[in-house]
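Enquirer: This is a predicted model, with the sequence first.
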Amino acid sequence: IYPLSLHDALPISVVLGHSFGSIVSSAAVARGLATPRLILVNPIGAPALEGPRGILPRLAIFYYWAGARLPKRLGDALLRNGLIVRVTSIAMAKTKDRRLRAFIHDQHATYFSRFADRDTLHEAFVTSVSHDVRAAAADIAVPTLLIAAENDDITPLSAQHALQRM
């Protein structure tokens with residue numbers, strides 16, 4: 001039996017990363033994940049804590065920290081709280097399209113509360129606001145498409161243009 005990576009098992013014709021996934025996918029490609037192209041959707045192209053609404057990631061860091069440190073039952077209840085998920089979803093959704101907003105809220109309600117364990121969730125969130133794609137940009141040697149939102153709360157458009165130049 002030979003060790004087989006996911007990359008070996010599935011032919012990858014493109015790597016796509018969205019938001020936090022842009023940090024993960026850009027780092028993987030920069031470190032040698034073979035792909036003919038990379039797509040980054042709403043890439044984290046600047047430190048989230050310095051973005052236009054930097055206070056929100058700081059509040060979220062405290063939220064995830066508290067969820068990981070409280071007794072398990074209480075911490076899980078906090079992290080899976082539907083009202084908090086809904087408020088977060090409302091804060092993040094920018095579209096005025098009612099059907100699209102309903103879809104976004106449904107996706108957040110369905111997936112935001114799914115996590116393996118509280119410590120990993122906390123560590124992943126801290127990583128997402130402590131790192132950005134700029135660290136990997138110089139080492140990405142494949143054609144890369146950046147799809148950026150004009151009103152992104154984490155990475156302003158000017159930072160996306162700076163990332164594009166990198």
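Expert: Sure thing, it's come through.
Enquirer: residue contacts, the residue nearest to the spatial centre of the chain?
Expert: Among the residues of the chain, the one closest to the centroid is Phe20, at 1.9 Å (Cα atoms, centre = their mean). Phe20 makes contacts with 44, 124, 127-128, as judged by Cβ atoms under 8 Å, 6 or more residues apart in numbering. The way it works is simple: take the backbone N, C-alpha and C, and place the C-beta from them, glycine included.
Enquirer: Can you tell me which of those are buried?
Expert: 44, 128 (16 or more other Cβ atoms under 10 Å).
Enquirer: Show the pLDDT at Leu83.
Expert: Per-residue confidence (pLDDT) for Leu83: 94.
Enquirer: I'd like to check what contacts the helix or strand containing it. Which residues are they?
Expert: For Leu83, the element it lies in under DSSP states H and E is helix 82-92. Taking Cβ under 8 Å, 6+ apart as the criterion, the residues outside helix 82-92 that touch it are 56, 63, 78, 104-105, 108-109, 112-113, 153.
Enquirer: on that earlier part again, show me the contacts of Phe20 that map onto helices.
Expert: Applying DSSP state H to the contacts of Phe20, the entries found in helices are 124, 127-128.
Enquirer: ok, back up a step: same list (the contacts of helix 82-92) but as CSV, adding secondary structure, pLDDT and neighbour count.
Expert: Listed next are those as CSV, based on DSSP: H, G, I helix; E, B strand; the rest coil; pLDDT from 0 to 100; neighbours: other Cβ atoms under 10 Å:
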residue, secondary structure, pLDDT, neighbour count
Leu56, helix, 75, 18
Tyr63, helix, 90, 17
Leu78, helix, 94, 16
Ile104, helix, 92, 17
His105, helix, 93, 16
His108, helix, 90, 17
Ala109, helix, 91, 13
Phe112, coil, 85, 17
Ser113, coil, 85, 15
Asp153, coil, 73, 17
